[in-house]
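> okay, sequence plus prediction incoming.
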Amino acid sequence: MSIIFDEKENIFLIHTENTSYAMALVDGTNLHHVYYGKRIHSTNLRYVLCEDVYPFIPSTAKRETNGYIESSAFEYPQTGMGDYRDSAFCVKSMDGHRASELVYRGYEIKAGKPALPGLPATWGDEKVSSTLCIYLEDALLGLKVTLNYSIFEGIDAIIRSATVENHGSEAVYLEKVLSSCIEMRNRNFEMLTLPGSWARERHIQKMPIGYGRQNAGSFRGKSSPQEHPFMALVTPGTNQTQGEVYAMNFVYSGNFIAQVERNEFDFVRMTMGIHPEGFCWKLQPGESFVAPEVVNVYSANGLEPMTHTFHHLYRKHLIRSPYLHKERPILINNWEATYFDFDEKKLIDIAKEASALGIEMLVMDDGWFGKRDTDDCSLGDWQVNEEKLKGGLPYLVEEVKKTGMKFGIWFEPEMICPDSDLFRAHPDWAIQIPGREIIQSRAQYVLDLTRQEVVDAVYDMIDQVLKSADISYVKWDMNRFLTNLGSAALPADRQGEICHRFMLGVYQLQERLITDYPDLLLENCSSGGGRFDPGMLYYSPQIWCSDDTDAIERLAIQEGTALIYPLSTMGAHVSVCPNHAIGRTTPFETRGTVALAGTFGYELDITKLSDVDKALVKEQTKQYHKYHHLVAEGEYYRLASYSENNTFDCFMVVSEDKSQALVFYVQVLFHAQVKSRLIPLRGLDSSKVYLVNGTEYSGDLLQNVGLRVDIELGDFTSKLIEIVEK
């Protein structure tokens, strides 16, 4: 990795191991994007700007400055001065004008990766990371904007963020501060995104790019199951191993926009950052605003290298949990087993049975606090209901521990019910617009976490619960979107700050939690996978992937998730059949196979399982211990997609030294006369000899000819195939 500035050519060149990113100064003041792609070695790049062909440079043709602005590939484009494409930055002055002219003022190259105050961010020390800071200034407004570009040793990613400082004498209103922008000539790009909904999150979608603006985004107050803070531009025919990929992933958990715009000159501009819808941040003199960061990844060889880059980056430079490289406890959650109908005896019975079968942690889900026997009361009253749990939490936890199991607990700290003691005491603590009825969702309001006293009160309640007993795990849930956006604590001209300030409050709560309880295993959740994003992974090493635990539905959900995120981050459980979300019945073995490709656990009443299924639980828990390290740390390869072929799903993980691999195969639909398949593998060492079910195969045979998978009669069957070096 290296960062270079060629003073003669006025070219910045950022090198990762296999890619290069180039910018150029025009007239010494305007910063242009020049190149992003395969690694290059020369800074002789000014010809790309076509300065001799289109001489609309202000210093030589001021009469055509507008033409220059509207046709140039600016590195950080702005609103109001003649660029009619969508901008990355928009500021309104106190006199109401929306315009800025950010001109180049200098740069620094720093060892290491600076933190972003109050925000999740990638991290790295001076030995493995470097950062280019480019300084831009609008002298009229007194604004200084710093563009940050960070790189890491051995990882083909460029991490971008922006910081805005007000050095002027008056406040300004920031109406848009995006974090990343790339502009390129169109190559018939297609747009790849991960749309979905509750219980069908992150399905892979690819579509052509037409003229105009196409985007994915959320202004629901969270990254959302409907859209995902990820976008990739891919060349036609791109698959796992072929085609060019330009990808962006937002390290943020709130409102976002990911957009591509194709203009009349057949250029495409790709941007990502906080969604400008409803966003307006008042920046006083002397204050600064820090935009969250975007991870930019380029691959010349298809989606697979992109996936590996994201996986490596997040494992090495984003997730901080001490559980990252540890074997996580196999847990059983009581939600689908009992819903609200439980007491301490029922939970202890589940723990005893689960422990005997190899399960290691009981998680008590919703219903343990306040008067919470239904879902329409008590959120915000985080005190144990000792009428339901006789002896309170200390007794329950100690009884569970006697079975040899750890104990975990569920919270939904961002919410408050209208029927709660907290709301009756502090009705202004809910996000609301004066004079309008607060919109409910699941009989819930949203707490105003823009207010420090609310953040402190919520944290104090959580803290008291965690101090009262030996709790090893917290499931942090968030089950609705933000509406009625108003805060009693913010003046009229700051109401546009609510959504971002809310996320800063959430981040503060989770940072305090893992700081005060460093050995705690935190799992984030949001109606399933509604806030599965890199921002959450900074605080928790795993996120509940989806409320849909059906093994077949999970194939598409987990495929889309694994496109960006390591398997070790995906909460995946075995549940009962017929499945509670969709009613399908699948074999217990297949449910285990699919759940093993994540953070393994159970979501059922284990006391009601048949003896046959209980025996399978014992086998599955042993499999988890045998393969956990390989699944969590191995390289992921997507071999076939049920979403594409409508028949079967197949992927594999390979150890770093290529001595071991595990192939996951799920036969969704059986077809007559199809008795076997040859599936070419990837990631093995061609020169090694491997054993598969006792038979020897060379690595080149398995990769070029394929692994033979014999097909069992019937739908929804599955296989786990271990491959080990001889």
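Thanks, I have the structure now.

> remind me what the lengthiest helix in the chain packs against, helices and strands.
Determined from DSSP state H, the single longest helix within the chain is helix 611-633. Other helices and strands packing on helix 611-633, by 3 or more Cβ pairs under 8 Å, 6 or more residues apart in numbering; DSSP states H and E, are helix 588-596, strand 599-603, strand 660-667, strand 717-725. The C-beta positions use only the backbone N, C-alpha and C, and glycine is treated the same way.

> and the ones you listed, which is most packed in?
strand 599-603 (a mean of 27; mean count of other Cβ atoms under 10 Å).

> ok now it, how far from the chain's centre?
The gap between where strand 599-603 is centred and where its chain is centred comes out at 20 Å by Cα atoms, centre = their mean, to the nearest Å.

> ok, stretch 441-455 next?
23 Å.

> kindly report the same for stretch 4-12.
The mean C-alpha position of stretch 4-12 is separated from the chain mean by 35 Å, Cα atoms, centre = their mean.

> in that stretch, what's buried?
Phe5, Asp6, Glu9, Asn10, Ile11, Phe12 (16 or more other Cβ atoms under 10 Å).

> now stretch 409-416
Ile409, Trp410, Phe411, Glu412, Pro413, Glu414, Met415, Ile416.

> any chance you could map the helices in the stretch 201-350 of the chain?
For the stretch 201-350 of the chain, applying DSSP state H, counting those that start in this stretch gives helices covering 303-317, 335-338, 344-356.

> just to revisit the earlier point, report the rounded mean pLDDT for the longest helix of the chain.
On average, the pLDDT along helix 611-633 is 97.

> that one versus strand 599-603: what angle between them?
150 degrees (axes from the mean of the first three to the mean of the last three Cα atoms, to 10 degrees).

> which one of the helices of the stretch 201-350 of the chain lies closest to Thr374?
Proximity to Thr374, assessed across the helices of the stretch 201-350 of the chain by Cβ to Cβ, is greatest for helix 335-338 (13.5 Å).

> low pLDDT regions in this structure?
Scanning the chain for pLDDT under 70 picks out the ranges 53-57, 59-64, 67.

> find the centremost residue of it, please.
Geometric centre of the chain, nearest residue: Asp533, 1.8 Å, by Cα atoms, centre = their mean.

> can you give me the end-to-end span of stretch 5-16?
15 Å (Cα to Cα, to the nearest Å).

> likewise for stretch 22-30?
End-to-end for stretch 22-30, by Cα to Cα: 14 Å.

> what comes into contact with it?
With contacts defined as Cβ atoms under 8 Å, 6 or more residues apart in numbering, stretch 22-30 is touched by 9-14, 31-36, 40, 43, 45-46, 48-49, 51, 57-59, 72, 74-75, 103-104, 134.

> from Asn148, how far out is Ala115?
Here Ala115 is placed at a distance of 11 Å from Asn148 (Cβ to Cβ, to the nearest Å).

> of these two, which one has the most company?
Using other Cβ atoms under 10 Å as the criterion, Ala115 and Asn148 rank with Asn148 on top: 22 against 12.

> just the element for that one, please.
Using DSSP states H and E, Asn148 sits within strand 143-152.

> alpha carbons only: can I get that strand in PDB?
What follows is strand 143-152, C-alpha atoms only, in PDB (Å, rounded to 0.1, in the frame of the first residue of the first chain):
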ATOM      1  CA  LEU A 143     -15.800  26.400   5.600                       C
ATOM      2  CA  LYS A 144     -13.100  23.800   5.600                       C
ATOM      3  CA  VAL A 145     -13.800  20.300   4.300                       C
ATOM      4  CA  THR A 146     -11.400  17.400   4.800                       C
ATOM      5  CA  LEU A 147     -11.700  14.400   2.600                       C
ATOM      6  CA  ASN A 148     -10.100  11.300   4.200                       C
ATOM      7  CA  TYR A 149      -8.900   8.300   2.300                       C
ATOM      8  CA  SER A 150      -7.600   5.400   4.400                       C
ATOM      9  CA  ILE A 151      -6.000   2.100   3.200                       C
ATOM     10  CA  PHE A 152      -4.900  -1.100   5.000                       C
END
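
> what distance separates that strand from the centre of its chain?
With Cα atoms, centre = their mean, you get 22 Å for strand 143-152.

> still on that earlier bit, would you show me how to pick out the buried ones of the contacts of stretch 22-30 in PyMOL?
Those of the contacts of stretch 22-30 that count as buried under 16+ other Cβ under 10 Å are selected in PyMOL with:
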select buried, resi 9+10+11+12+13+14+31+32+33+34+35+36+43+45+46+48+49+57+72+74+75+103+104+134
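
> who does the longest strand seen in the chain pair up with?
Ranked by residue count, the top strand of the chain under DSSP state E comes out as strand 172-185. Its sheet considered, strand 172-185 pairs with strand 89-92 (antiparallel), strand 267-273 (antiparallel), strand 281-283 (antiparallel) by DSSP bridges.

> Pro117 and Val290 touch, don't they?
Yes: using Cβ atoms under 8 Å, Pro117 is in contact with Val290, at 6.0 Å.
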